[in-house]
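*Asks:* with the input below, show me the fold.
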Amino acid sequence: MSGILDLDLSIDRKDAVLGRKWWTLIVVCMATFMLLLDITVVNVALPDIERSLDASFTDLQWVVDAYTLGLAALLLAAGSLADRLGRRRVFVAGLGLFTIASLLCALAGSPTALNLARALQGLGGAAMFATSLALLAQEFSGPERGTAFGVWGATTGGAVAVGPLVGGALTESLGWESIFLLNLPIGIAAVVLTLRHVRESSDPQAGRLDLAGTALFSAALLALVLALIRGNDEGWGSALIVGLFATAALLLLAFVMVERRRSQPMLDLSLFRISTFTGASAVAFALSASMFAMFLYITLYLQGVLGYSPLEAGMRFLPITLLSFLIAPIAGRLSSRLPARGFLAGGLALVALGLFLMSGLDRDSSWTALLPGFVLAGAGIGLVNPPLASTAIGVVEPRRSGMASGINSTFRQVGIATGIAALGAVFQARIESRAGELLVQPPETGSEFTVYAPIGSAEELGQAISSGAGGRIVASAPPEMRETLDALVSEAFVSGLNTIFLIAAAVAAAGALLAFALVRSRDIVEAPHAAAADAAV
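*Replies:* Residues are numbered from 1 along each chain as shown. Below is the predicted model:
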């Protein structure tokens, strides 16, 4: 009889462990879906936010960058803090903060209030993002880990896939505020499920929180992004911009020096001696700084130039988003059997080619001119995401997975923040330059762009065009000027967009080359058996 009871208890324990695994995967995917949804959803809503809050082009950049800067600034600290205090505890705290900040975003009445709430969202998202892969790594090993990361990758693709549609539908029907209110029920449900079903884990050897490193890194990123965003307005040679770049460089140098002197650093620089870890970090940065940064400007093109509604614009993103969603789980399963280098390098190469194909727009192009590039880029994103996640933490032992996950996620967010800022600087400068060329052409040249002072200077016109407000400028112009002005707006915008498509393609191509050169299968640490993993956490 006792043998039967022992067998029943053993089966119950096994079932509980199996249930815990999959509940962990569910809540991690819920949180990841929510925080990534807030990037793609917001992109589609930006033109409505611009009109509702009277936001400038700089304000629109900060709507995205405040969020990604908050993520990037705290990711390293959150990973370290999670290893010390407990990954589930930090994960739940992040969920709660993100949910509260989402409510504040919906209540914001000005661009400044919205961007401050977005930064708070980013801090909560950092706690979730830094711990998500570590929570999966503690529950899954061997082939199951590939499956789990495949599902996680499909979730990231799904957030990208449905985000534009959800954002478009909500913005059109209920207003842009509803895209943030959507997070409230998801966040509350995720908190409840995490507390009920997810196992706590930590690193007994984790050191103290690196407050000095966190402050230096955060300040350096803020100075860098602020310089990139304000460069056109202030002048690239101005004392302010030069000072900001110098400050960012000095703060980053100080950060590296502080980390090198710590016995248990927040950012273990020795990890970058592992070729594959360096390659995975480069891939994370390149993908985010190229394709993901371009979503903002593609959205402004679809709505501000082509005149699509938020929902119509969201539907035009389906080719790229659905492909990434469908390919990700396949790549996740295959990545446990095939070398990751092929997925990472090949996927980024497809993204680079897709961006290059998108760069052939003219002012008469329809959205279908983007379609071939969307298809290739979507396939590339799907190939990269799951192998990138498993590679980033696969080169370290499980107890250090929180730090490895945080570093890789930091490179993703730094890529988005700096990519949006840098591409935006080039984009705005090119639009202003092209608008100036078109404005000064005298009638006797036969130019079709005979537009005069009533619409303002090239700089003012360029700022309006780059923020997606070109349609409003055309509508407010005298009737006899509208056709000419509409052509000028389209010509200037497309000129800027084509330029940054090429730059983004070059960034993705560089990432593909680094992935091929640096990522090596022999650097991957063998997944430990379950008993060993339990002993380590």
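*Asks:* okay, domains of this protein per the record?
*Replies:* Here the domain parsing of the chain from automatic domain parsing is 10-210+262-433+493-536, 211-261.
*Asks:* so which of those comes closest to Leu485?
*Replies:* domain 10-210+262-433+493-536 (12.2 Å; CB to CB). C-beta here means a position set from N, CA and C on the backbone, and glycine is covered the same way.
*Asks:* state the mean pLDDT of that closest one.
*Replies:* Here domain 10-210+262-433+493-536 scores 82 as its mean pLDDT.
*Asks:* pLDDT value on Val489, please?
*Replies:* Reading off the model, Val489 has pLDDT 77.
*Asks:* list phi and psi for it.
*Replies:* Dihedral pair for Val489: phi -60, psi -50, per degrees, to the nearest 10.
*Asks:* just the domains of the chain: most buried one?
*Replies:* Counting by mean count of other CB atoms under 10 Å, domain 10-210+262-433+493-536 has the highest mean neighbour count of the domains of the chain, with a mean of 22.
*Asks:* what's the end-to-end length of stretch 231-241?
*Replies:* 6 Å (CA to CA, to the nearest Å).
*Asks:* which other residues reach that stretch?
*Replies:* 58, 227, 230, 425, 428-429, 432 (CB atoms under 8 Å, 6 or more residues apart in numbering).
*Asks:* repeat that with 7 Å
*Replies:* 227, 230, 425, 428-429 (CB atoms under 7 Å, 6 or more residues apart in numbering).
*Asks:* try stretch 98-108
*Replies:* By CB under 7 Å, 6+ apart, the list of residues contacting stretch 98-108 reads 35, 114, 117-118, 120-121, 124-125, 128, 177, 180-181, 183-184, 187-188.
*Asks:* show me those residues that map onto helices.
*Replies:* 35, 114, 117-118, 120-121, 124-125, 128, 180-181, 183-184, 187-188 (DSSP state H).
*Asks:* hey, where'd the strands end up in this structure?
*Replies:* Using DSSP state E, no strands are assigned anywhere in the chain.
*Asks:* excluding its backbone neighbours, what's nearest Cys29?
*Replies:* Thr155 (4.2 Å; CB to CB, 6 or more residues apart in numbering).
*Asks:* quickly note the distance from the residue nearest to Asn408 when sequence neighbours are not counted to Thr40.
*Replies:* Excluding the flanking residues, the one nearest Asn408 by CB to CB, 6+ apart is Ala392, at 3.6 Å. Per CB to CB, to the nearest Å, Ala392 is found 22 Å from Thr40.
*Asks:* and for Ala215?
*Replies:* Ala215 sits 31 Å away from Thr40, going by CB to CB.
*Asks:* likewise for Leu361?
*Replies:* 22 Å.
*Asks:* which non-adjacent residue is nearest Ala93?
*Replies:* Closest to Ala93 by CB to CB, 6+ apart is Ala127, at 5.7 Å.
*Asks:* contacts only, for that neighbour.
*Replies:* 78, 90-91, 93-94, 97.
*Asks:* repeat for Ala82
*Replies:* 90, 130-131, 134, 402.
*Asks:* state whether Thr499 and Val426 are indeed in contact, as I suppose.
*Replies:* Yes. Thr499 is in contact with Val426 according to CB atoms under 7 Å; the separation is 6.1 Å.
*Asks:* circling back to that earlier point, dump the contacts of stretch 231-241 to JSON lines, plus distance to Arg412.
*Replies:* Shown next, in JSON lines, are those (distance: CB to CB, whole Å):
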{"residue": "Ala227", "distance to Arg412": "21"}
{"residue": "Arg230", "distance to Arg412": "24"}
{"residue": "Ala425", "distance to Arg412": "21"}
{"residue": "Gln428", "distance to Arg412": "24"}
{"residue": "Ala429", "distance to Arg412": "26"}
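*Asks:* closest to Thr171 among the residues you listed?
*Replies:* Using CB to CB, the contacts of stretch 231-241 come closest to Thr171 at Gln428, 24.3 Å.
*Asks:* ok, that closest one touching Phe57?
*Replies:* Yes. Using CB under 7 Å, Gln428 is in contact with Phe57, at 6.4 Å.
*Asks:* how about the nearest residue to Gln121, chain neighbours excluded?
*Replies:* In space, Gln121 is closest to Ala101, 4.0 Å off (CB to CB, 6+ apart).
*Asks:* so what's Cys71 up against?
*Replies:* Careful, residue 71 is Leu and not Cys. With CB under 7 Å, 6+ apart, Leu71 has these contacts: 122, 125-126, 129, 413.
*Asks:* could those residues be laid out in a markdown table, adding distance to Gly419?
*Replies:* Formatted as a markdown table, the contacts of Leu71 follow (distance: CB to CB, whole Å):
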| residue | distance to Gly419 |
| --- | --- |
| Gly122 | 16 |
| Gly125 | 18 |
| Ala126 | 18 |
| Phe129 | 17 |
| Gln413 | 10 |
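*Asks:* between which two of the residues you listed is the distance greatest?
*Replies:* Pairwise distances across these peak at 9.6 Å for Gly122 and Phe129 (criterion: CB to CB).
*Asks:* what two of the ones in helices among the contacts of stretch 98-108 are the furthest from one another?
*Replies:* Top of the distance list for these (CB to CB): Leu114 and Ile188, 22.2 Å.
*Asks:* quick one, helices of the stretch 251-400 of the chain?
*Replies:* All helices of the stretch 251-400 of the chain, identified by DSSP state H, counting those that start in this stretch, fall at 275-287, 293-300, 310-316, 318-334, 340-358, 371-394.
*Asks:* starting at the chain centroid, how far to stretch 239-253?
*Replies:* Here stretch 239-253 shows a centroid-to-chain-centroid distance of 24 Å under the convention CA atoms, centre = their mean, to the nearest Å.
*Asks:* pLDDT of it, averaged?
*Replies:* Per-residue scores along stretch 239-253 average to 91.
*Asks:* hang on, isn't Ala492 packed against Glu432?
*Replies:* No. Assessed by CB under 7 Å, Ala492 is found out of contact with Glu432, at 8.1 Å.
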